[in-house]
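Trainee: Okay, here's the prediction I keep looking at, along with the sequence it came from:
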Amino acid sequence: MRASPLRHVLAPLHPRLEVLHGMPVALHLRDEQPGWAGVLGVCDLSFLPRMGLKGPGAAAWLAERDIPVPAVPNRWEPLPGGGLVARLARSEFLVEDGFPGGPVTGLAAQLQVGPGVYPVPRQDCALALTGSALTELLVQTCNVDFVAQDAAARVVTLTSMVGVSVTVLRLPADGRHVVRLWCDGTMGPYLWETLTGIAGELGGGPVGLDSAFPDRSA
Amino acid sequence: MKILTCPVNGPRPVSEFVYGGEVRPMPDPANTSDFDWADYVFNRSGIPGVKVEWWYHLASGTWFLAERDTVADRVLRTWLPGEEHP
Amino acid sequence: MSAPSAAPGRLPPVSGEWIDRSRTIDFRFEGVAYQGFAGDVPSAALWAAGVRTLGRSFKYHRPRGLLSFANHDVNALIQWGARLNLRADVEPLEPGMDLTAVNTFGGVQGDRARVLDLLGAFLPVGFYYKAFHRPRALFPFWERFFRRVTGLGRLDFRAPRLHTPKRYDFADVLVVGAGPSGMAAAVAAGRAGARVVLVDENARIGGSLGWQRGGDTASLERLRALEADLAALPNVSVRPGTLAAGWYADHWIALVDAVRMTKLRARATIVAGGAFEQPAVFRNNDLPGVMLASAAQRLVHRYAVKPMDRAVVLTANADGYRAALDLLAAGVSVGPIVDLRAEGESSGLSERVKQVGIQVLRGHCVLEARGRDGRLCEVTICPWDGQGNASTAAPQKVACDGLVMSTGWAPAAALLYQAGAKMGFDERRQQFVPAALPEGVFAAGRVNGVFTLDNKLADGERAGLEAARLLGFDAPAPRSVAPDLDAASHPWPIVDHPAGRNFVDFDEDLQVKDFLNAAAEGFDNIELLKRFSTVGMGPSQGKHSNMNAIRLLARIRGASPGEVGTTTARPFFHPVPLSHLAGRGFSPRRETPLHSRHAGLGAVWMQAGPWLRPDHYAVPGKRKSENVREEARAVRTGVGLIDVGTLGKIELYGPDAGAFLERVYTGKFANLKVGMTRYAVMLDESGVVIDDGVVARLAEQHFYFTTTTTGAAVVYRELQRWNAQWNLDIGIVNATGPFAAMNLAGPKSRAVLRAITSLDLSNEAFPYLGVRQAEVAGVPARVMRVGFVGELGYEIHVPAHQAGHLWDALMQEGAAHDIRPFGVEAQRLLRLEKGHIIIGQDTDGLTHPDEAGLEWAVKMDKPFFVGQRSVDIVRRRGLRQKLAGFRLDAASAAVAPKECHLVIRDGRIAGRVTSVAFSEVVGAHVGLAFLDPDLSAEGTPFFIRADGGTMVQARVVALPFYDPAGDRQKISG
Amino acid sequence: MPYQLLRFALSAKHPEAPMFRAPERLRDSYDAVIIGAGGHGLASAYYLARDHGMTRVAVLERGYIGGGNTGRNTTIIRSNYLTPEGVAFYDESVRLWQDLSQDFDLNLFYSTRGHFTLAHTDSAVRTMRWRAEVNKHLGVDSELVGPEAVKEAAPQIDLSCGGHAPILGALYHAPGAIARHDAVAWGYGRGASQRGVEIHQRTEVTGIDVQRGKVRGVQTSRGYVSTPRVLSAVAGFTPRVCHMVGLRTPLYIHPLQAMVTEPQKPWLDPILVSGSLHVYVSQSARGELVMGASLDPYELHSTRSTLDFTEGLAAHMLDMFPFLSHARVNRQWAGMADMTPDFAPIMGTTGVEGFYLDAGWGTWGFKATPVSGKTMSWTVANGRDHDLIKPFNLSRFSRYELTGEKGAASVGH
């Protein structure tokens, strides 16, 4: 059984749990307010299957398996089913399934140490931030001008947020503001506490999966 | 705060980077006197000027080289090791 | 509700005033109740109420009133509860404020320390260097006295920490100062399409357009028009009440407002911060009632307060004439205008004041002011020669309660200096103006030496367009601006007086003679003068004093102000609260995935870099030492489990992986068999031990190895760097976070593990130092047989998300064997018994491998490894110290030495204990110590100086202390 | 009122002579040239003249007296170092300090306040014990104390430091002191000047004439002067001066920053230093909190300020003293620190005959001002290293005989 790095910080929030992709997921938190996700919701997505690989042959390896490969570093491409492929730096990739699943499990099984392709273990703390106050949270936590980024360009940003190395990207979510965030799982509880604390000041807070992504099964 | 341009991740504040010191070619340990080896290990070119330095972008784990004026704190150019000096 | 007319100085509504007369505010000052309006500041409300002594000066405790009304009225610092050193000229008035003046003894009116004003003759510049040190024994007495009288506001030690969130912000162009030139600049850059931020430290924008009206409303109309222009530009963010506190490299600017600091990254900066009006220097120029003309104008137009009933105007420029007209319009009886210039004012203003009947005295100066009851009552006016010499033959005494000064300006150029601008002194304009600006930095308006309104607007537009064009925006080419020809500043607004009290620096109570005397003592360069006299070192940072100090020094040296130069203007422009700078105060921390389990088991934490690790697990009712001993005993006799997930973990792939390891570690790894592990030591280039770990070979081209906890990040980084140079065919992956790790140790560990894995755990199938990949409790795991604590043991590394599951399974299976989680302290003891060193505790920043007993791990017969050449040199130099094991002679074990107690031989330091503990299995205190090499032979007795100086005898013994044959790690079963 | 001040009231004219003579021109030759009119250079000149009778000495300064790190440091004086050689050296310095105001007849405000180096981790406690033991062994007043002793000396402190860096103990050094830094340079300058030494400000050394391995003279912005002895005491400029004589050193230059608050009524008696929080702080005689932190993270030959320095330091100050939220930072500044790999100075003779180095003062130079002057003047006068500075000779690096001062800076698990 997998557990999120945030398992113990979520526990006091009385989550309603359901096992998705082998990990108990907080669908709803007892104390969350209905409007939080619209203002500023912080949601744990660590459960999504993901894999990493790097090396000079990594791009070709993915392409051979019909995975769309972002042409340049620090861009991402969507996968059917809501997943994504992010190119981190030049020859490292993060592949993550969408809610219903995706290619990760299959790919991971095929990924052997091969010439120029090396697996990168991904045991991230993965978050989604949603809501109208997202920009305010970002400017309080991160020294990158996300407002100036063109969402359609599908930029991936590797930067530092409240002292934690993070990978950040904005989802083009039909008028909704959604930012995805990944960090080392061991930094996850600190990042979560800090971001949910700020979210609380801005009128939001921690939210369950059903609130952050009400139409995820659609 | 100073901006440094990572060749991969673009311009970022210097707080995202770790300074790696001046690039110093290692002499051949087998054919170097003790004195010269100690010179390599301990001594630095402490005088100010334009130097080629190592810098590391923490969030992405990228080492790169920067040509920097150590008086004006001006970065003239940055590039990845092994790549053409632009 | 008491009527506003309770404040006798309040004027009828003034157009453009900042106060909201519909909202009165009750407050107290020095115990007396007053009333003001929303939008007021304390100085304005108090002045309106007739209060003239707002504070006391720093050195002589002289009464002081208003000076600048521009945020450098440092003599009117007030305290409200925990909030200290508030500036009464700018702090917004709040309901319930209970204010006191800072640093008085018995209140601002009766301040007992005013006696210091009478002792002034004894207290020349730098007096504290000249006395109090003899006799030496008395200095502490004097020091206590100084520490009682010094300082300004008082801290409230109960005040809670404020967490004020900071923000980052981004702009193309930052415009500092929203006066006419700054507004024009913002409009121009904004119209070109730039993302513009316009800041002004005042509560409202407009700058001199708002307060310098010259008796009519035209400037106010200009202001409204500019405001409308700005409002029409959505890409221009206008931020009043926002101070640009400092300019840092690459247009990184600290913007400070009432609630937070915003760190703005701009691409260009336009400094349009204006100029500070400078006081004239004459005897008693600090009397309450003497103020800068701009202060009086602000008082009228912002706060609708009548500054005085009868005003004399001391001036040397057009601004003074405008002030006279403004005061007249406010109902003040004005006259005469004392113009320092022999020729007087050349503009039409001269005619205008004549028309309204104000007398003008050209070529005159104010020789002195006189006060009664701490307020101005009379000034003495004399003809003078424009060079400081007054003709005192026929002084003209004029009774007045106000004297406004407008004799010069100094540019608010601090940000320009910080940005690296070169400023040069313009003799014609008598002002420092930018001579060379760095790329992307622009100056406009008064700070640029431009004074007339039309020119200021044009200069602002020019700067805005230039900035926009530099950044690639499509903007028309700017028109050049004709320079202003008239000097707004008099070259010598200083009148000497034999009785002194002619103040140059109001913060520091420095008079003209202080400068003469300092220069006479050899402090005749501006930096030395500043340091000796402390001019400009007060809270206003010389805003009203530096220019006159430069003029004084220039005259003393027979040089021009340009040759004297200015001192460096360092941040901050105005003082910034620590809470604004600190912000939330982020303290990142890391947790292993087992953190909550440790907490649940009663872990007592210790800090290890960003991690908290269990030092030990508290059992209620037991002392730490008992708990540690019991944890260790469990490992020796049963089974224990420790979280070692903080160790650095690195995956290394590729055909050259073995070769790479041989270059970065001292040992050999190319020959390491798949399925085996080996201890590894890392040196720096000087041959000093910096890290150690265990290398496991999982496949021909796949190694997995550990580093120390603190070394993890640095080792990974440096390995990446080495390979950026060597270009070996490898892949390095940091696996510290993704992998959790725990060490199951003790004679019963195999039994526990066997229950949850199908892996063959027999010695034959999985020998000591072997590594296997297998499922444990259904989790894909890397299992290493290690011996750090000296028992049969398995270090199990698993993906972090599954670590909790494995821990639970081990604890559950271990229950039958009385498994105990153990902490860092027990591990330290166990490894000590086994003679294993801890890098950083048993080594220091200069330890070479031979000194630490690691020579066996250093393979010099390799072509190269980092540090090899230095080891070679150091070996030929000979050993300086040697780490050795010792045990205490049983008899002396009553006083146990501690880590870092010294080894003493013949009264000299001969070593140092690095580790020591009582070992139950040995039955004695055992430890490691650096010793002089000749003391390090087995059996050698030596002495350790323990607490209280007790000498404790110890004896060198062979390592390890426990299980020297190493059987325990290899037991079968 | 002390009698020394009476004369100011009784005299119509300011009764003080200039502190420094301002010689019009450079002579053609001097017995010794000292580069740098900071505390160290002027102290060396002072003792050369006073103790060794060498008065044909010029101190050449490109800026002004005391304008470098002498006037930029946070004025902490202590001798609780880690190595015996370090302790002996700095202890002699503290002894000299205590008499300096009397020596100069200039009040340096030498103020013994007690000095606490806080330990927030277990390994820091070990290091503090190490230092205390070495100190005590050498007769220096120094001891490892518990958090309660810190609380007693600074009752306002939050011993938990905001909850994330609890204070576990401290190294307490009762003689720890502060002094008026500028006045130290002035006192030495005045004393040297009175004894015949010439101090030339705004005089830059542009080259050093070395022939056959011996110093012959120096080239300056005001012409050439011949001299057989040159002492370089220029802190952050040392690599440039060494370059003039072809010497390579391990020095690397990083800025070191500091800041002060507006004056507050005095409340903080001791000097507090926290390695973990990167803070050192004391309260000056004017009531300002004088604060510093760690070195800037990269090489820079500039005294520019950074905002992140103030942000980090402010946050850590509030960890220790949460009630300081409303206190305001008035000013920040920086100096250029000449760092060495082993955190000990580089002093004494060099491979170039007649060229002497007083460098490597990194972040610890102010406190060594008197003893550096004493030992360097002896070294220059005698042409060989004074015993106290033998461990600090430049040649230690090529001999792999680094001092152990950095020992404690090593990492721990």
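Mentor: Happy to help now that I have it.

Trainee: what about the residue in the stretch 101-250 of chain C that chain A sits nearest to, distance to residue C:490?
Mentor: Closest approach between the stretch 101-250 of chain C and chain A, counting by CB to the nearest CB: residue C:170, at 4.2 Å. To be clear about C-beta, it is placed using only N, CA and C from the backbone, and glycine gets the same treatment. To residue C:490, residue C:170 is 43 Å away according to CB to CB, to the nearest Å.

Trainee: more neighbours, those two?
Mentor: Set residue C:170 next to residue C:490 and count neighbours by other CB atoms under 10 Å in any protein chain shown: residue C:490 wins out with 23 against 18.

Trainee: wait, isn't the more buried one in contact with residue C:319?
Mentor: No: counting by CB atoms under 8 Å, residue C:490 does not reach residue C:319; the two are 11.5 Å apart.

Trainee: Distance from the chain centre to stretch C:693-704, please.
Mentor: For stretch C:693-704, the separation from the chain centroid amounts to 45 Å (computed by CA atoms, centre = their mean, to the nearest Å).

Trainee: quick one: buried residues of it?
Mentor: C:693, C:694, C:695, C:696, C:697, C:698, C:701, C:702, C:703, C:704 (16 or more other CB atoms under 10 Å in any protein chain shown).

Trainee: now swap in stretch C:799-817 and tell me
Mentor: For stretch C:799-817, burial by neighbour count (16+ other CB under 10 Å) applies to C:799-807, C:809-811, C:813-814, C:817.

Trainee: what does stretch D:152-159 give?
Mentor: Applying a neighbour-count criterion of 16+ other CB under 10 Å, one finds D:153, D:154, D:157, D:158 buried in stretch D:152-159.

Trainee: What is the nearest of those residues to residue C:736?
Mentor: Closest approach between the buried residues of stretch D:152-159 and residue C:736, by CB to CB: residue D:158, at 31.8 Å.

Trainee: Extract the residue ranges of the chain that are flagged as low pLDDT.
Mentor: By default, I'm working from chain A. Low-confidence segments of chain A (pLDDT under 70): A:173, A:218.

Trainee: my bad, the chain I had in mind was chain D
Mentor: For chain D, the stretches with pLDDT under 70 are D:1, D:407-413.

Trainee: Residue of it closest to chain B, please.
Mentor: Using CB to the nearest CB, the closest approach of chain D to chain B is made by residue D:239 at 2.9 Å.

Trainee: Isn't that residue up against residue B:43?
Mentor: No: here residue D:239 does not reach residue B:43: they are 10.1 Å apart, not a contact under CB under 8 Å.

Trainee: Please say which of these two ends up with more neighbours.
Mentor: Neighbours were tallied for residue D:239 and for residue B:43 using other CB under 10 Å; the higher tally belongs to residue D:239 (23 against 20).

Trainee: Tell me which stretches of the stretch 301-413 of chain D form helices.
Mentor: For the stretch 301-413 of chain D, the helices defined by DSSP state H, counting those that start in this stretch occupy D:307-320, D:369-382.

Trainee: what's the answer for chain A, then?
Mentor: Ranges of helices in chain A, per DSSP state H, are A:7-10, A:36-40, A:58-64, A:104-110, A:134-141, A:188-201, A:209-212.

Trainee: next one: chain B
Mentor: Counting by DSSP H, chain B has helices at residues B:34-42.

Trainee: Close to chain D: what parts of it are there?
Mentor: Contacts of chain B with chain D, taken as CB under 8 Å from any CB of the partner chain, map to B:1-2, B:14-15, B:18-19, B:21-22, B:34-35, B:38-39, B:42-48, B:51, B:53, B:70-73.

Trainee: Within reach of chain C, which of the residues you listed are there?
Mentor: Restricting the residues of chain B next to chain D to those adjacent to chain C (criterion: CB under 8 Å from any CB) gives B:1, B:2, B:18, B:34, B:38, B:42, B:73.

Trainee: Look up how far residue C:248 lies from the last one.
Mentor: Spelled out, it's residue B:73. According to CB to CB, residue B:73 stands 11 Å off from residue C:248.

Trainee: At the geometric centre of chain D, which residue do we find?
Mentor: Central residue of chain D (CA atoms, centre = their mean): residue D:366, 1.6 Å from the mean position.

Trainee: Excluding covalently adjacent residues, which one is nearest to that residue?
Mentor: Here the nearest residue to residue D:366 in space, its sequence neighbours aside, is residue D:73; by CB to CB, 6 or more residues apart in numbering or on different chains that works out to 4.4 Å.

Trainee: secondary structure element for that neighbour?
Mentor: Here residue D:73 sits in a region with no helix or strand, counting by DSSP states H and E.

Trainee: So it versus residue D:361, what's the distance?
Mentor: 9 Å.

Trainee: Any residues of the stretch 201-350 of chain D in contact with chain C? List them.
Mentor: Taking CB under 8 Å from any CB as the contact definition, the stretch 201-350 of chain D meets chain C at D:201, D:261-267, D:285-287, D:304-307, D:310-311, D:313-315, D:317-319, D:322-333, D:341-342.

Trainee: From the residues of chain B next to chain D, list just the buried residues.
Mentor: For these, buried by 16+ other CB under 10 Å: B:1-2, B:14-15, B:18-19, B:22, B:34, B:38-39, B:42-48, B:51, B:53, B:70, B:72-73.

Trainee: In three-state terms, label residue C:549 for me.
Mentor: Under DSSP: H, G, I helix; E, B strand; the rest coil, residue C:549 falls in the helix class.

Trainee: and chain A, what are its domains?
Mentor: A:7-47+A:123-212, A:50-120 (automatic domain parsing).

Trainee: Check whether the first one comes into contact with chain C.
Mentor: So that's domain A:7-47+A:123-212. Yes: Domain A:7-47+A:123-212 is in contact with chain C by CB under 8 Å from any CB, via A:7-8, A:11, A:23, A:46, A:123, A:139-140, A:142-143, A:145, A:147-148, A:162-164, A:184-190, A:194, A:198, A:201.

Trainee: Next, the contact list for the closest residue in space to residue C:717 that isn't next to it in sequence, please.
Mentor: Of all residues not flanking residue C:717 in the chain, residue B:56 sits nearest, at 6.0 Å (CB to CB, 6+ apart). Shown in contact with residue B:56 (CB atoms under 8 Å, 6 or more residues apart in numbering or on different chains): B:17, B:18, B:19, B:20, B:62, B:63, B:64, C:717, C:720, C:721.

Trainee: Show me the buried residues of stretch C:799-817 that map onto helices.
Mentor: Per DSSP H, the subset of the buried residues of stretch C:799-817 in helices is C:803, C:804, C:805, C:806, C:807, C:809, C:810, C:811, C:813, C:814.

Trainee: So in terms of bridging, what pairs with the residue nearest the centre of chain B?
Mentor: Nearest to the geometric centre of chain B sits residue B:53, at 1.4 Å (CA atoms, centre = their mean). When assigned by DSSP bridges, residue B:53 has beta-bridge partners residue B:22, residue B:66.
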